[in-house]
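Novice: Give me the fold of what follows.
(one chain, ligands or ions: 1)
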Amino acid sequence: MRPKVTVVGGAGNVGATVGQYLVTKELADVVLIDILESVQHGKGLDLLQAGPILGYDCRISGAKDYKETAGSNIVVVTAGIARKPGMSRDDLLNTNAKIVGGVIDQIVVHSPNCILIVVSNPLDAMTQLAFRRSGFPRERVIGMAGALDSARFRAFIAQELRVSVENIHAFVLGGHGDTMVPLPRFSTVAGIPITELLAPDRIEALVKRTAGGGGEIVALLGTGSAYYAPAASVMEMVEAIMKDKKKILPCCVYLEGEYGIRGLCVGVPVKLGASGVEQIIEIRLTPAEASALSRSAAAVKELVEILKL
Ligand code: APR
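Specialist: Numbering: from 1, shown residues only. I've put the predicted structure just below:
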């Protein structure tokens, strides 16, 4: 039997695109669940009908009733509102907290053993909410942010140096917001740190563009926020878990003293495998990097405190 992935908010831009990538890569059967009446059913059917052409046998369908999600191996939470131009991710806090809280209650009942991947923003606070509300062990509650932020950084580095994106590894720590902490000295092109290849002002410009990467797209779209790269990042995480790849990716997880942070969900490098987060990888930071990370953690803490998490 194929594994099952539920995508909550499956009628939406990120949710439906996650479904599309998962079936195209033949990773799982997919249920797109949403509060809407029919859109998720329409998108599910449309994607099912692309299968014969693209060559996938995975089933994909829309649903409104959580019964149809029962026994999912992974549940991806994209439910909530997206940013509009001029809004920060933090502006979504209260609205999305209500939505995500209700969603988590349903998931716990119908898929008590699943691994949760949280995508709704503000990401770190929503991951913390999902962790607290589900009562799942921290290994099974993972926020998607670092995979996306580092993909953005990689794309910009590749463009700047005119090399393949496949040659580039990038490292991003911290919250998914303006305070995120891209780490140039651990970001490499074919193993060579970018600090050897690019002038400091160019690195600074790429770091800045990465931190504002989501906002740049929000402004260009005019309505809604990015979804192709966020959905691809979710797919990368699902694949690492489904195939037990032990892949190291930056993800948002609940820290219990790692990097000097306790009781807070923040982005750090983790090893993703069949049981979810199998290891949190701690690297030694320079004082400047450490203080950037603690600034980022403080920004996450502010939101978490508003929600009393
Ligand atoms: N249960 C299920 N689905 C819900 C609920 C709920 N309680 N509330 C809202 N939704 C659905 C909406 O009906 C919509 O189809 O969530 C979907 C959100 O889709 P979009 O508005 O297209 O937003 P999207 O761009 O997909 O972003 C979703 O991910 O990246 C983050 O910041 C982004 O928080 C936002 C989320």
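
Novice: use CA for all of it now, contacts and neighbours both
Specialist: Noted.

Novice: Pull the number of nearby residues for residue 45.
Specialist: Residues near residue 45, counting by other CA atoms under 10 Å, number 15.

Novice: Please identify the helix or strand for it.
Specialist: Following DSSP states H and E, one finds residue 45 within helix 39-54.

Novice: Residue 155 contacts residue 165, doesn't it?
Specialist: Yes - assessed by CA atoms under 8 Å, residue 155 is found in contact with residue 165 at 6.3 Å.

Novice: the more surrounded of those two?
Specialist: Using other CA under 10 Å, the more surrounded residue of residue 155 and residue 165 is residue 155, with 19 against 16.

Novice: So for the helix or strand containing that one, what gets flagged as buried?
Specialist: Using DSSP H and E, residue 155 sits in helix 146-161. By neighbour count with 16 or more other CA atoms under 10 Å, helix 146-161 contains the buried residues 146-158.

Novice: now it, how far from the centre of its chain.
Specialist: Distance of helix 146-161 from the chain centroid (CA atoms, centre = their mean, to the nearest Å) equals 15 Å.

Novice: Can you name the next helix or strand after it?
Specialist: Downstream of helix 146-161, the next assigned helix or strand under DSSP H and E is strand 168-169.

Novice: and that following strand, what's its mean pLDDT?
Specialist: On average, the pLDDT along strand 168-169 is 96.

Novice: repeat for stretch 127-147
Specialist: On average, stretch 127-147 scores 97.

Novice: Any part of that stretch near the ligand?
Specialist: No - using CA under 6 Å from any ligand atom, we find that stretch 127-147 stays clear of the ligand, coming within 9.2 Å at best.

Novice: Would you mind listing the outside residues contacting that stretch?
Specialist: Under the contact criterion CA atoms under 8 Å, 6 or more residues apart in numbering, stretch 127-147 has outside partners 97, 100-101, 104-105, 108, 114-119, 123-124, 172-173, 175-176, 233-234, 249-254, 264-265, 267-268, 275-278, 304, 309.

Novice: Give me the buried subset of these.
Specialist: Buried among the contacts of stretch 127-147 by 16+ other CA under 10 Å: 97, 100-101, 104, 108, 114-119, 123-124, 172-173, 175-176, 233-234, 249-254, 264-265, 267-268, 276-278, 304.

Novice: still on that earlier bit, list the strands paired with the helix or strand just after the helix holding residue 45, with their directions.
Specialist: Per DSSP H and E, the first helix or strand lying C-terminal to helix 39-54 is strand 60-63. Sheet pairing of strand 60-63 (DSSP bridges) gives strand 29-33 (parallel).

Novice: could you show me where the strands are in the stretch 201-309 of the chain, in order?
Specialist: Taking DSSP state E, counting those that start in this stretch as the test, the strands found in the stretch 201-309 of the chain are 247-256, 262-273, 276-280.

Novice: could I have the shortest one exported to CSV, CA atoms only?
Specialist: Think strand 276-280. C-alpha atoms of strand 276-280 as CSV (Å, rounded to 0.1, in the frame of the first residue of the first chain):
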residue,chain,number,x,y,z
GLY,A,276,10.8,12.7,11.4
VAL,A,277,13.5,14.7,13.1
GLU,A,278,16.2,12.1,13.9
GLN,A,279,18.9,14.5,15.0
ILE,A,280,19.4,18.2,15.6
